[in-house]
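>>> Next one to model:
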Amino acid sequence: AGGPGEFLDAALRACRADGDVRSVDVSSFFRDVLGLQLGEERAEVASAGADRAAERQVREAADVREAEQRSAITASIGHHVVVESGPGAGKTRVIAQRVAHLLDAGVVPEDIAVVTYTNSARCEIAARIRSGAEPASPEGTGATAPFVGTIHQLCLKLLKSVEPEPDRRPSVLDESAAARVFASINRGRDGATAEGLRYIERAVNAWDGRGVRPLTGEQSTMWQAFVDGAASRQRYTFTTLQLAALKALEDGRPRWIPRHVVVDEAQDVTGLQGRVFRALAVHGCRIYAVGDPAQSVFSFAGADVSFLRDFATRHADVASHRLRTNSRSRAALVDFFAGIRPGAECATGQVAVRPAGGSVVVKTFEDAAAQAAYVADEVVRLTGGSGHLERSCQDVAVLARTKSFRAIRDELASRSVPSFEPDAVVRFPERPHVRRLLAFLDATRPDADRETLERAAACAAVQPSAAAVSAMGDLLERGGRVRDALR
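Okay, the predicted model is just below:
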């Protein structure tokens with residue numbers, strides 16, 4: 001109860017009474033006799049305590065992760081299920097284990113379909129399923145394996161079950177072939193072009209069946225003529241393929257309809273795709289939708305986040321789950337991105353499984369040049385410039401938009417810092433060999449002129465002589481063609 005002096009006197013008297021009076025330094029006395037630490041020792045203990053707290057937080061987050069995933073995986077197979085899964089929450093594992101759970105519950109593989117957004121996701125999920133459950137069929141052709149494929153592959157499988165005869169199998173037109181068929185069927189009509197078809201298909205893809213129909217008047221007439229004309233020969237675009245499958249489901253014609261459909265990246269489902277999934281639900285199919293509303297970035301392609309966001313209100317008997325842990329990013333990143341979109345579902349409330357580590361610094365600049373200069377200066381500092389940090393260039397990554405990468409690369413070069421530029425960041429038309437080929441093809445057009453020819457010559461890998469270019473230019477002006485001169 002007294003001050004520090006009285007406390008020390010009492011402690012020393014107690015030591016003398018026990019005959020245990022020793023000569024010790026102050027730090028040893030506080031540590032051994034009083035159980036206290038001073039100076040650096042206190043800092044070391046505090047650091048150790050922080051490490052233990054961090055380890056405890058990681059263990060607790062991992063426990064939460066396991067519990068949340070297990071709950072989502074084992075959700076009732078008799079209900080629709082929506083799983084909101086933020087980044088790094090283990091979505092792919094949950095999908096693969098959900099398939100395993102369905103199989104363990106006695107669902108036959110033919111009654112299971114997993115719909116992925118891309119072919120690469122299809123391959124990854126199929127591999128996960130193969131490693132922990134029955135072999136998966138990427139194209140859904142196996143009679144004893146769950147279907148794993150894109151929405152277009154699912155629709156194609158549904159249509160093939162309507163028309164099982166080999167000579168009536170549907171085929172998918174590529175973009176150029178579809179444009180030619182569209183123009184041929186609607187010959188003489190305004191808008192019967194490739195761009196006109198793209199505009200119409202975007203509108204059809206975005207419509208979820210509610211409200212005003214997307215097409216009216218001449219556009220509606222051209223579209224219906226195209227759909228009917230192509231479908232009569234079992235030829236489809238990716239859009240009309242989904243429409244045909246939707247119509248078949250509404251008419252009850254498919255011989256194969258899965259009883260359980262797992263939808264990956266459900267936040268990017270288009271309005272038309274949502275109609276297909278709802279039509280499957282009418283036939284008793286249970287939908288298991290997994291996605292993150294905060295990661296919906298394909299609205300320009302018709303994606304409608306309301307499919308996931310409003311799932312529970314548009315379907316009866318829905319079980320909702322949320323995966324809140326993030327094992328991909330450290331706490332600093334998780335907190336930072338939660339602050340960028342504080343109102344977005346799944347953007348808030350995420351728990352980082354990995355220890356804190358690292359930091360996030362935000363800088364703003366007046367223009368792209370100032371930004372590029374700052375990035376280059378920071379790279380120099382990190383790799384041993386003014387900061388004298390022992391890092392090599394291989395320890396530093398610069399992630400940038402394609403349009404700004406060239407300026408950053410030039411700034412780095414001006415500071416004698418080497419950088420590796422992947423081919424992917426050079427726009428395809430700007431690659432040297434592509435520019436040469438395009439220029440050459442441009443010069444061989446029937447309507448090519450001297451200016452076009454000179455532009456092609458400037459791009460050539462082997463420069464033709466000025467006399468040769470002039471001679472070919474004279475040929476063009478006399479009505480000849482460059483391709484004739486090249487023979």
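>>> for the helix or strand where Leu437 lies, packing partners?
Element membership of Leu437 [criterion: DSSP states H and E] is helix 432-443. If contacts are counted by 3 or more C-beta pairs under 8 Å, 6 or more residues apart in numbering; DSSP states H and E, helix 432-443 sits against helix 450-459. Placement of C-beta: from N, CA and C, glycine included.
>>> relative to helix 450-459, how tilted is the next helix or strand after the helix it packs on?
Past helix 450-459, heading to the C-terminal end, the next element that is a helix or strand (DSSP H and E) is helix 466-477. Counting by axes from the mean of the first three to the mean of the last three C-alpha atoms, to 10 degrees, helix 466-477 lies at 150 degrees to helix 450-459.
>>> what is the mean pLDDT for helix 466-477?
Averaged over helix 466-477, pLDDT sits at 72.
>>> Could you do stretch 329-346 as well?
73.
>>> can you check stretch 284-301 too?
For stretch 284-301, mean pLDDT rounds to 90.
>>> and what of stretch 110-124?
For stretch 110-124, mean pLDDT is 93.
>>> cool, stretch 242-257 as well?
Averaging pLDDT along stretch 242-257 yields 94.
>>> how about it: buried residues?
Neighbour counts over stretch 242-257 (16 or more other C-beta atoms under 10 Å) mark Gln242, Leu243, Ala244, Ala245, Leu246, Ala248, Leu249, Pro254, Ile257 as buried.
>>> for those, which one is nearest Val282?
Nearest to Val282, judged by C-beta to C-beta, of those is Leu249 at 7.5 Å.
>>> Roughly how far does that closest one sit from Gly291?
To Gly291, Leu249 is 22 Å away according to C-beta to C-beta, to the nearest Å.
>>> Likewise for Asp63?
Per C-beta to C-beta, Asp63 is found 24 Å from Gly291.
>>> And Thr216, by the same measure?
Shown here: Thr216 relative to Gly291, a distance of 32 Å by C-beta to C-beta.
>>> Also Ile151?
As judged by C-beta to C-beta, Ile151 and Gly291 stand 14 Å apart.
>>> can you pull out the helices in the stretch 51-200 of the chain?
Along the stretch 51-200 of the chain, counting by DSSP state H, counting those that start in this stretch, helices occupy 91-104, 119-132, 151-162, 175-185, 194-206.
>>> Mind listing residues that contact the second one?
The reference is to helix 119-132. With contacts defined as C-beta atoms under 8 Å, 6 or more residues apart in numbering, helix 119-132 is touched by 92-93, 95-97, 99-100, 114, 116, 135-138, 146, 148-150, 153, 264-265.
>>> make it 10 Å
Residues outside helix 119-132 that contact it (C-beta atoms under 10 Å, 6 or more residues apart in numbering) are 91-93, 95-100, 103, 109, 112, 114-116, 118, 135-140, 145-150, 153, 262, 264-265.
>>> Just the buried residues of that helix, please?
Residues Ala121, Arg122, Glu124, Ile125, Ala126, Arg128, Ile129, Arg130 are the ones in helix 119-132 that count as buried (16+ other C-beta under 10 Å).
>>> Nearest to Ser299 among these?
Checking the buried residues of helix 119-132 against Ser299 by C-beta to C-beta gives Ala121 as the nearest, at 19.4 Å.
>>> OK, contacts around the nearest residue to Val107 once chain neighbours are set aside?
Spatial nearest neighbour of Val107, chain neighbours left out: His260 (6.1 Å); criterion: C-beta to C-beta, 6 or more residues apart in numbering. Residues near His260 by C-beta under 10 Å, 6+ apart: 77, 81, 98-99, 102, 105, 107, 111-114, 146, 280, 285-288.
>>> Selecting buried members of those in PyMOL, what would you type?
Buried members of the contacts of His260, defined by 16+ other C-beta under 10 Å, are picked up in PyMOL with:
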select buried, resi 77+81+98+99+102+107+111+112+113+114+146+280+285+286+287+288
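>>> Which of the contacts of His260 fall in strands?
Among the contacts of His260, DSSP state E puts Val81, Ile112, Ala113, Val114, Arg286, Ile287, Tyr288 in strands.
>>> Figure out the helix or strand that Ser416 lives in.
Per DSSP H and E, there is no helix or strand for Ser416.
>>> Ok, Ala370 next?
Using DSSP H and E, Ala370 maps to helix 368-382.
>>> Pull the residues that contact that helix.
With C-beta under 10 Å, 6+ apart as the test, helix 368-382 has contacts from 361, 363-365, 367, 385-389, 391-393, 395-398, 400-401, 403-417, 419.
>>> With just CA atoms, put it into CSV.
The C-alpha atoms that make up helix 368-382 are tabulated as CSV, following Å, rounded to 0.1, in the frame of the first residue of the first chain:
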residue,chain,number,x,y,z
ALA,A,368,0.1,9.6,-64.4
ALA,A,369,3.6,11.0,-64.8
ALA,A,370,3.9,11.9,-61.2
GLN,A,371,2.6,8.5,-60.2
ALA,A,372,5.1,6.7,-62.4
ALA,A,373,8.0,8.8,-61.0
TYR,A,374,6.9,8.0,-57.4
VAL,A,375,6.7,4.3,-58.2
ALA,A,376,10.2,4.3,-59.7
ASP,A,377,11.7,6.2,-56.7
GLU,A,378,10.1,3.8,-54.3
VAL,A,379,11.5,0.8,-56.2
VAL,A,380,15.0,2.5,-56.0
ARG,A,381,14.5,3.0,-52.3
LEU,A,382,13.4,-0.6,-51.6
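>>> Having no further points to raise, I will conclude here.
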